[in-house]
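S.K.: sequence below, structure please.
(chains A, B and C)
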Amino acid sequence: MSVLSSLMGTMQADSAGQAVGQAAQQASGAEQAATQAGQAVINIPKTAWQDPGTNTFWLPEAASVTTDNVDWIYLGLIGLSIFCFIGITAAVVYFTIKYRQRPGHERPLPSPSHNNPLEITWTLIPAIICVFLFVAGWRGYVDLATPPQHALEISVTGLKWKWKFTYPNGVDDPNGELHVPVNRSVRLVMSSNDVIHSFFIPAFRIKQDVVPQRYTQLWFKATQPGVYRMYCAEYCGLEHSQMKTVIVVHEPGGYADYLARIEEQALNIPPAELGKKMYDNYCIACHTLDGTTKVGPSFKDLVLGGQNEMTDGSSIVVDENYIRESIVEPQAKVRKGYPASMPSFKGVLSDKKINGVIAFIKSLNDGSQQ
Amino acid sequence: MAKENPENPSYTSFLEDPHGIMGHRGGFWGWFGTFDHKRIGIMYLCGILASLMVGGLFALLVRLELFFPGETIIGPQAYNEFFTLHGAIMVFLVIVPGIPAALGNIALPMQLGAPDVAFPRLNLASFYLWCVGAVLLVGAMAMGFVTDQTGVDTGWTFYTPYSLKEHTAGDAILMSLVGVFLLGFSSIFTGLNFLTTIHKFRAKGMGWFQMPLNLWALYATGIMQVLATPVLGITVLLLSVERFLEIGIFDPVLGGDPILFQHFFWFYSHPAVYIMIIPAMGVISELITTFSHKHIFGYRFIAWSSLSLALLSFLVWGHHLFVSGQSRMAGMIFSALTFTVAIPSAIKVFNWTATLYKGVIRLQTPMLYALSFVLLFTIGGLTGLFLGVISIDVHLHDTYFVVAHFHYVMMGSTLVAFLGGLHYWFPKFTGKMYPEKLGQFISVMVFFGFNLTFLPQFVMGSRGMTRRYWDYDPEFTLMHQLSTIGAFVLGISLFIVVCYLFWAAYKGEKAPPNPWGASTLEWESPSPPPLYNFVEQPPLPELYEYDELVYDDEEGGYVRKLRDGGEVRSYRRYVRSKPSGGH
Amino acid sequence: MSEHAHGDQKGSRFIQHHYDDAQHQFDSGKLAIWLFLAQEVLFFSALFVAYIIFRTQHPEIFEYGSQYLDRTMGAVNTLVLIGSSFTAAYAVRCAQLRNQRTLVICLAITLACALGFLTIKYFEYSEKIHHGTLYGKKFVPHVDPDGATFPEDAVIKPCIHGSEGNLGADPSIPPPAEGEAAPCPDNTNMFFTLYFAMTGLHGLHVLFGVFVFIWLLVRAMKGHFTPDYYGPVDYAALYWHLVDLIWIFLFPLYYLI
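M.R.: Prediction:
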């Protein structure tokens, strides 16, 4: 049972809620059911958009600290627009009826063809309104565009046609959903792998294009725990309309549980596969798999049971303990011909991960991989 | 054949006068070999109306697909190609050339009192460029249906890197880019031609501020066509070369800059919005004063606002890039400049409304379109304010709110003005009247169909419905369905317009020289006019003065009764002679 | 407007009948050609803007890339174009003075200079093709600006900022050996992209000018141009000055700074 399906249970009564739930299901697809991502991680009694107070006819639910910057100008402008439109329409309709051509009204009544004070009036009033709108919009935008310091940083990658969210612990969300804590500033550092996408959360009133080969950023601070819709807003090809997902805002504590859960889940794979991931993250810059030399020796030469000559002239037998020691305390034994430049991974790699690396190195020489 | 009579001089209309490269009267060369601006205008008109039907058909297919969430009639690939087709055809083939090249071509030299445009051959060449561009553009897009290749699915904006070779294979995009390039030059040459004509071919005594407002609008348009369109030309040229040779200027993988493309594209395409709307404003200025039978209010303010819009339009392109990652400073500057274009637009609306005051208003079809325009443009303009407010734009960018906004401006305003102008000048260039009652009915249907289509889209967009989506959340179903129903009302109405206009061009009642009581020069000539527009050069009438123009039952239209010396002279009547067979 | 006089009444037989007189036609054409030139300036402006942007972001690739270009050839081409601009301008004067023979000579020299420019450009381009210093993806230089060869595997990667990311120094590429070239800066290919885009577009304009001057030469030899009909010579000369002017900007931007 996935996060969203469990959520669905709590929101059956609300049709709008079903809409979101269905959208989320479509976005996550079948694999969501298979993964046990956030099961029981979130236990949200009520989602923000169910609150009729924030979900108006014009705007979707508002669930971020910056939405007020947008909403009051928006609703004010709606009022102003309706006022102006009714004014113009009333004048047009009134004049059209009053001065329509009819017997007895064949020639125009005398009236001036220009009136400079009037022209200046209806130039200045819109100009003043425009200055006011500009200032209001600009101030709101500065808030939207300035992330607070020490915000939680999450990396976002746009791909055709899904989103990848990488949390500070280096783990990706398995369902392509964004999970964040409530009342905490979050800064998204975004880039694209292929074409331009655009990251859009209506409930937070934020949007930012995601561009290949460069980083753009976006920040928000969710105020209401809940599940919110998230779309790709920049046309990106065939499945543009399926490039949508949800953002889950956790109650205090729920986010940490979620992180722990996905991290555990990410580790919950065969050790050699885990080791390959660790290799790709940490080792690949210095160690090759094909026997060529980079900074350090290639893993290909690291045959278990084989002999390695050290800088001090001694020779050791390669075994699990040697590999483990090389990871957590690399300067203890340095292989001959290589600089003693490897940093320690103590505290960076947990025991489980180190075991994975060892299993991966072993698997290299079974001939079964690479 | 009528006798020569000083009271009733005979003339041959341009439709019957043999001319052109080969001296043909009709047939292929009589039209495609002509240098006559009216014939070229009519050819543009036919091409544009045909494109309108094709573009409209694809709009209806797109709307039909959106009737239900998920697949209704077509899959996502076809959907993406259809909205691209719709957008590209409507922008490049219909709305940009609609008023300047078709109606402007017919009206501009006549309103100036000139025999033709300054460069008739260039005018014909522009039309040929339009034809070739149209064939390439539509052909490229059709490739998706008739061959195995994918058609053009980039959207009419051709954003990089999606439009680069590595993301969209096939030759269709290259072909369509070449088409757009040629269409751009067609537009540039038309603008260049019109600017020169306005400068050098004004009738004797016609100063700049005795020009009809339509000419001011076309002048402002010409400036933008000449100065903005080349940037589109170089942009699509670079993109073509990019696809062809992989030069990398817009390709991030090769170190290029995809956002640069957006800057270049909108440096043209924002002025292009004004290339579409300013001539529409010119037409509306003519219609409102004519059908109010009263001098336009605030002539100079309307004229200057056209020019200031043209100049300001070059400075606001960055508001299309508020969320593209441009700097905050750029965002601020472009937001501030964007508001400056609101003011001249507002001035125009107020002046049009004031023109109605104490007039004698006749609600004939062109006037109904003109009043629709005022209301629709007001909505389009006011919703533009939302998008200029930078914080709101962040939320509304790339949603249906934007779609609705630009349709209110580009379709609700420009196309409605085009239809108004078409009905207005139709009797002049065909010599026939269209069916008035039907025209009035349809204009009301267009108004309601249009609003039904696009008002729900404002709400959808504000609530987060993103554009170019093949599928959508069930929450939006009702509003999408309203929109689709409205689109069909609108589409059917437009189809009926095209049908009855073609019917009327052959079978309509004979039109008088001045059916509307308009005061500008083109109505001083018979309908349809002779080859060089005027049987003899008319004295320059006083612009927008209607005292001399009174309805004459015998004539079936308005005649000019001169006040001088208390003598009342009837408007001269020209007798149309049979084709002379030689010139 | 019922009378549309032809020929003799207006002077030259090339005065079209919707113009009032020769002056009217000339003035209209002159305005139009200025508008056309304004259009040309905007057409090129996008590329100049691209130059400014890329140069601001990556000044090093322009400093590096310009060392590949041959200043002598560029300077000669500048002189050739300036010279041809002079003969084009003098041709206008000859047409005004009904100086048939000098008109033909001036046009012929202008045409020869245009062809000369293209020939020199051909040699420059073929050298670039030979050395692999081409645009975008085709940028595979064999030698650095000083003529030193690149090590086998260090050619493309350091020059193109690839999708795999090449943000820092890549430790897998060894430092250049003695006599081998140091890797060129990232994105040097963009210098050549812009170089070929701008000089290529300019070259196309020169090529178009060649056709225009051939056409003018033929008409001049037939004696079409007279003091009341010399518009085409004047307009072509104006166009040619703009082509010249653009090159005067391109030459320092690419070859000198």
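S.K.: show me which residues of the stretch 151-300 of chain A sit near chain B.
M.R.: For the stretch 151-300 of chain A, the residues in contact with chain B (Cβ under 8 Å from any Cβ of the partner chain) are A:194-196, A:198, A:200, A:202-203, A:205-209, A:211-214, A:216, A:229, A:231-242. Just so you know, the C-beta spots here come from the backbone N, C-alpha and C atoms, and that holds for glycine as well.
S.K.: hmm, try it at 6 Å
M.R.: Counting by Cβ under 6 Å from any Cβ of the partner chain, the residues of the stretch 151-300 of chain A lying close to chain B are A:195, A:202, A:205, A:207-209, A:211-213, A:216, A:231, A:233, A:235, A:238, A:241.
S.K.: out of those, which comes closest to B:Lys200?
M.R.: Distance to B:Lys200, by Cβ to Cβ, is smallest for A:Tyr235 among these, at 45.0 Å.
S.K.: quick check: the residue of the stretch 101-250 of chain C nearest chain B.
M.R.: C:Gly136 (3.2 Å; Cβ to the nearest Cβ).
S.K.: and the pLDDT for that residue?
M.R.: pLDDT recorded at C:Gly136 is 80.
S.K.: how about the most centrally placed residue in chain C: what's its closest non-neighbour residue?
M.R.: A centroid search over chain C (Cα atoms, centre = their mean) returns C:His202, at 2.5 Å, as the residue closest to the centre. Spatially, and ignoring its direct neighbours in sequence, C:His202 is nearest to C:Ile246 (5.6 Å; Cβ to Cβ, 6 or more residues apart in numbering or on different chains).
S.K.: tell me which residue is most central in chain A.
M.R.: Centrality entry for chain A: nearest residue to the mean C-alpha point is A:Val156, 4.7 Å, by Cα atoms, centre = their mean.
S.K.: quick check: closest non-adjacent residue to that residue.
M.R.: Using Cβ to Cβ, 6+ apart and skipping the chain neighbours, the partner closest in space to A:Val156 is A:Met190 (4.2 Å).
S.K.: does the one you found count as helix, strand or coil?
M.R.: Using DSSP: H, G, I helix; E, B strand; the rest coil, the structure places A:Met190 in strand.
S.K.: what's the local residue count around B:Met445?
M.R.: If you count neighbours by other Cβ atoms under 10 Å in any protein chain shown, B:Met445 ends up with 17.
S.K.: surely it touches B:Ser493?
M.R.: Yes - assessed by Cβ atoms under 6 Å, B:Met445 is found in contact with B:Ser493 at 4.3 Å.
S.K.: confirm for me that B:Phe181 is in contact with B:Val236.
M.R.: Yes - counting by Cβ under 6 Å, B:Phe181 touches B:Val236, with 5.0 Å between them.
S.K.: now the residue of chain A most remote from its centre. Its backbone dihedrals?
M.R.: Distance from the C-alpha centroid of chain A peaks at A:Gly104, with 69.6 Å (Cα atoms, centre = their mean). When read as degrees, to the nearest 10, the backbone of A:Gly104 gives phi 90, psi -10.
S.K.: picking that back up, which stretch of helix or strand covers the residue nearest to the centre of chain A?
M.R.: strand A:152-159 (DSSP states H and E).
S.K.: contact partners of that strand?
M.R.: By Cβ atoms under 6 Å, 6 or more residues apart in numbering or on different chains, the list of residues contacting strand A:152-159 from outside reads A:164-167, A:184, A:186-193, A:197, A:210.
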